[in-house]
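**Q** can you look at this prediction? I've put the sequence above it.
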Amino acid sequence: MQVGLVGAEACGKTTLFELLSNTQGAFLSPDSANTAAVDVPDERVDKLTALYKPKKTIYAKISFTDINRLSSGDRANNNKALNHLKLMDTLAIIINGFTPGRTSQDMLKDLDFCLSEMILSDLEQVERKLERLKKQNQISNLAGVPEKEIFEKLAATLESDTLLSTLELSADVRKELLSFSFLTFQPMFAVLNLSEEHGGSGPDEMTALENALASRKMPLVKIYAKLEKDLQELPPEDREVFKSEYRLPLNGKAAFIQQAYQTAGLISFLTVGEDEVRAWTVKQGCPVKEAAGVIHKDLMNFFVRAEVISYERLLECGSEQEASRRGWLRAEKKEYPVKDGDVLHILSTK
Ligand SMILES: Nc1nc2c(ncn2[C@@H]2O[C@H](COP(=O)(O)OP(=O)(O)OP(=O)(O)O)[C@@H](O)[C@H]2O)c(=O)[nH]1
Ligand SMILES: [Mg+2]
């Protein structure tokens, strides 16, 4: 799972990147980006590890990409920076809510600035494609539809300041367009970065911002990035005192990761055994046969059936043998859509 961080100048991207990845963010130029991967903290994996005492525990991985600042009027450099965010599972738009006196209008202006930069980037790409199509003699198709027709529709959408993700497209065309890696085709959520002193700019401003985001169908996560990073850097024994001093919900990192999964439409399933307890990431609704292929191609190619139990039920009965005795272990066929927290055991002929 890959998450890209984007935002207006000095909104706290690098601070958030450091919090999320537990690394130092380096100074960035438009040509470079910082990417770091970490284990996804998962209580289910911890509890199953305690139960199975496996030789290895493997958490799902999440990576974060921090890019250089976007500046108004600097299209060339903004494009270079945004190019690093073309193949993410989801984008997080960070909004500065920590500078004193910021109004919801200021915050929305920042959000719109980021969205506009991405829209312009996509539009330039679409226009280049339309130019090429114009020069062609014959008509080319994409999923059975003339390409010119599709790209003109994309251009019209972007010109009306609208994200490509909102466009109604057939599943086939949508699939074909994925290879163009348009920025605004990616799912997005907003992150409001708050400070301990200001907590944004008052409750009314927050409500106005939340309403405006809701009308754009953009989920919002609130985070105290700097404070939470300070907390993370403290020795464990000092953390409780710090938390009680601030009395703020300093669980932004977990909330961020959860929202990233939700926005990207991804879920985790689990595998257990004496050798390994492991979390895997797949698309929501993924058929179990495809999920088996994420573990190993042979498990997909020689798939027979899956034995499935939810994490909660497995924990409740303590072992697969007991689950089987109670009739809680279900046999599922290849089409079964995997649910978040399913524990899977794949049976194959190889
Ligand atoms: N008070 C407060 N300050 C913050 C917070 N987050 C970031 N800052 C400060 O804001 C400044 C910019 O933070 P960065 O994390 O570098 O922001 P950025 O978005 O990466 O900046 P650019 O990459 O230059 O656009 C730094 O001085 C941070 O210490 C926060 O949550 N609260
Ligand atoms: Mg930065």
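**A** Happy to help now that I have it. Ligands and ions are numbered 1, 2, ... in the order given.
**Q** how about the strands in the stretch 251-350 of the chain?
**A** 266-271, 276-283, 303-310, 330-332, 342-348 (DSSP state E, counting those that start in this stretch).
**Q** ok, the closest residue in space to G341 that isn't next to it in sequence to ligand 1 distance?
**A** Leaving aside its chain neighbours, G341 sits nearest to Y311 (4.2 Å; criterion: Cβ to Cβ, 6 or more residues apart in numbering). Every C-beta, even on glycine, is put in place using the N, C-alpha and C of the backbone. Y311 sits 34 Å away from ligand 1, taking Cβ to the nearest ligand atom, to the nearest Å as the criterion.
**Q** check contacts around Y311.
**A** Under the criterion of Cβ atoms under 8 Å, 6 or more residues apart in numbering, the contact list for Y311 reads R44, L48, L270, G341, D342, V343.
**Q** just to revisit the earlier point, which of the strands of the stretch 251-350 of the chain is buried the deepest?
**A** The highest mean neighbour count among those belongs to strand 266-271 (a mean of 22), with neighbours defined as mean count of other Cβ atoms under 10 Å.
**Q** and it, what other elements does it pack with?
**A** The contact analysis (3 or more Cβ pairs under 8 Å, 6 or more residues apart in numbering; DSSP states H and E) places strand 266-271 against helix 43-52, strand 276-283, strand 342-348.
**Q** stretch 31-47 and ligand 1 in contact?
**A** No. Using Cβ under 6 Å from any ligand atom, no contact is recorded between stretch 31-47 and ligand 1, whose separation bottoms out at 10.0 Å.
**Q** can you redo the strands of the stretch 251-350 of the chain as JSON lines with distance to F189?
**A** Supplementary listing: the strands of the stretch 251-350 of the chain in JSON lines, determined by distance: least, Cβ to Cβ, whole Å:
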{"stretch": "strand 266-271", "distance to F189": "13"}
{"stretch": "strand 276-283", "distance to F189": "17"}
{"stretch": "strand 303-310", "distance to F189": "27"}
{"stretch": "strand 330-332", "distance to F189": "31"}
{"stretch": "strand 342-348", "distance to F189": "25"}
